[in-house]
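[1] Coordinates only, no sequence provided:
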């Protein structure tokens, strides 16, 4: 015998209430949004009492400062990525101690480095590849 709820609805009921996925509200105010607010404020101002010049200069200064902070953040992220590539390249030929992801500490000789455009460099230890962040220690290999 079929379930009366699934027979009517065509699919089994999973609960009394179903909710549609909600989009997380945007909590940041980017430069485009600030510019839109400033333009809207200028378009909708009362011609008999225009916006105070000091307030307009203050808002323009805040917009400029925010854009400079965004640029600084981007530059810092790019510098960090280059620094991580440099550190990974310097590990080639050295013995590293690393966490294998299962909580086991292992040791191996770094034979190469792989770079991806989206993430951290990957350090190659023979057939094993590990994230740079998994490296716990470095030792120079005696020749």
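    Thanks, I have the structure now. Computed from a prediction, not measured in an experiment: that's the story for all the values here.

[2] Tell me how many other residues crowd residue 100.
    Counted with other C-beta atoms under 10 Å, the neighbours of residue 100 add up to 12. No exception for glycine: its C-beta is placed from N, CA and C like everyone else's.

[3] isn't it right up against residue 125?
    No - because the distance of 10.5 Å does not satisfy C-beta atoms under 8 Å, residue 100 is recorded as not touching residue 125.

[4] and after the longest helix seen in the chain, which helix or strand comes next?
    Under DSSP state H, the helix in the chain containing the largest number of residues is helix 53-90. Sequence-wise, the next helix or strand beyond helix 53-90 is strand 94-99, with elements assigned using DSSP states H and E.

[5] What is whatever helix or strand comes next after that following strand packed up against?
    Secondary structure here is assigned by DSSP H and E; on that basis, the next helix or strand after strand 94-99 toward the C-terminus is strand 105-109. Strand 105-109 sits against strand 94-99, with contacts defined as 3 or more C-beta pairs under 8 Å, 6 or more residues apart in numbering; DSSP states H and E.

[6] Try it again at 10 Å.
    Using 3 or more C-beta pairs under 10 Å, 6 or more residues apart in numbering; DSSP states H and E as the contact criterion, the neighbours of strand 105-109 among helices and strands are strand 94-99, strand 122-125, strand 128-131, strand 135-140.

[7] for this structure, what helix or strand is lowest in average pLDDT?
    Of the helices and strands making up the chain, the lowest-confidence element is helix 4-9, at a mean of 50, by mean pLDDT, DSSP states H and E.
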